[in-house]
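Visitor: no FASTA, just this:
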């Protein structure tokens, strides 16, 4: 499919926003948006055009119990970093006299803890570089392994009709499993499915292949593999 | 409620969520949950399913706030997209929903774009969309509204309005073309 045709991209974007694309086409368009700025722009324009239809609906007040449930779910999800700044601040206030009286090392521990709570923790996974060339991307994962960040280390040049796609090479063998398309610039955060998460945690290697724009049409690499990198073990 | 959906304020709240400020999420919930729940109820059909989905939506907003690129007034569009995508995922994964009753279809046709007047910031957009939807033929408008507000697929729209699938696809396509042309003019 030629995504360089603006009218085709616009039609796909409109059908995506209306919810008319089938599951695979929908996932494919989402991957395309992560890679091709024109696709993302087309999608955002349709979201804005049709937004009044959502805002025209009469609001429905949620059940009063719903917010506490959301708060608990988020706290459970994030562990210590959740019930966040309010709690850490009041704890700091309460313990300040003790900390002031304590040795410098105590203060350093407290500061260290506050910093830890306020920064999401990312662990390095791999630096992706073609053979004998400078690194193109850095891959990190969140401490809980549920998200990855792919950072383009400098703007990537590639034919407008091609995409780079990231793959896990499962340690147990079998077909590579896609982790989605690589950004050409900037940083991309992506949530992993439980299956991807397990595979990545166990994998020793990941790879990048060159694919048709929008990603492999078959679900396995179809173009040349340009990078194979070792996965750093979680600390 | 006059400033319930003030775009700038929502942008700021989302940015604070990205910095892991839970108070900002609570404020965002207070301002936007009723509108997002309205969308989910319309798409999922039952209050219970919609409330559960609302919970998922706010967890996603919290997790993905760091990815929100601030563009003035886009916060609501970004959150609505998260809510709609969640509803679409649930619809596709779940049981096939029942066909719409004739009375509901008549109701769908009456879904005008008469957005609450207090959303002053969105007033011009409401007006443009209302004007452009009225230009469309009734069948085209009905297909677009059933897709967007109900989350129906081409097949379900065809079954609901008793038209062949090919006809529905062509109405949707032509409706979208006309809508875009009208809104860009």
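Guide: Yep, that arrived. Please read all numbers here as calculations on a predicted model, not as lab measurements.
Visitor: could I get the full set of helices for chain B?
Guide: B:7-18, B:22-44, B:47-64, B:75-93, B:102-109, B:123-135, B:138-150, B:154-161, B:165-184 (DSSP state H).
Visitor: got the ones you listed as JSON lines, with distance to chain A and mean neighbour count columns?
Guide: From N, CA and C alone the C-beta is placed, and that goes for glycine too. As requested, the helices of chain B are exported to JSON lines (distance: least, CB to the nearest CB, whole Å; neighbours: other CB atoms under 10 Å in any protein chain shown):
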{"stretch": "helix B:7-18", "distance to chain A": "10", "mean neighbour count": "19"}
{"stretch": "helix B:22-44", "distance to chain A": "3", "mean neighbour count": "21"}
{"stretch": "helix B:47-64", "distance to chain A": "5", "mean neighbour count": "20"}
{"stretch": "helix B:75-93", "distance to chain A": "5", "mean neighbour count": "21"}
{"stretch": "helix B:102-109", "distance to chain A": "11", "mean neighbour count": "13"}
{"stretch": "helix B:123-135", "distance to chain A": "4", "mean neighbour count": "16"}
{"stretch": "helix B:138-150", "distance to chain A": "4", "mean neighbour count": "22"}
{"stretch": "helix B:154-161", "distance to chain A": "6", "mean neighbour count": "19"}
{"stretch": "helix B:165-184", "distance to chain A": "5", "mean neighbour count": "17"}
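Visitor: of those, which shows the lowest average pLDDT?
Guide: The stretch with the lowest mean pLDDT among these is helix B:102-109, at a mean of 47.
Visitor: out of the helices of chain B, flag the one nearest residue A:219.
Guide: The closest of those to residue A:219 is helix B:75-93. By CB to CB, the value is 18.7 Å.
Visitor: follow-up on the earlier one: relative to residue A:156, which of the helices of chain B is closest?
Guide: If you check each of those against residue A:156 by CB to CB, helix B:47-64 wins as the nearest, at 23.7 Å.
Visitor: who does the closest one touch, helix- and strand-wise?
Guide: If you count contacts as 3 or more CB pairs under 8 Å, 6 or more residues apart in numbering or on different chains; DSSP states H and E, helix B:47-64 packs onto helix A:66-78, helix B:7-18, helix B:22-44, helix B:75-93.
Visitor: now these in CSV, with distance to residue A:24?
Guide: What follows is the helices and strands packed on helix B:47-64, written out as CSV (distance: least, CB to CB, whole Å):
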stretch, distance to residue A:24
helix A:66-78, 29
helix B:7-18, 30
helix B:22-44, 21
helix B:75-93, 11
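Visitor: to residue B:57, which of these lies closest?
Guide: The closest of these to residue B:57 is helix B:75-93. By CB to CB, the value is 4.9 Å.
Visitor: tell me the helix or strand right after the helix or strand bottoming out on mean pLDDT in chain A.
Guide: For chain A, the helix or strand with the lowest mean confidence is helix A:104-118, at a mean of 40 (criterion: mean pLDDT, DSSP states H and E). On the C-terminal side of helix A:104-118, the closest following helix or strand by DSSP states H and E is strand A:122-128.
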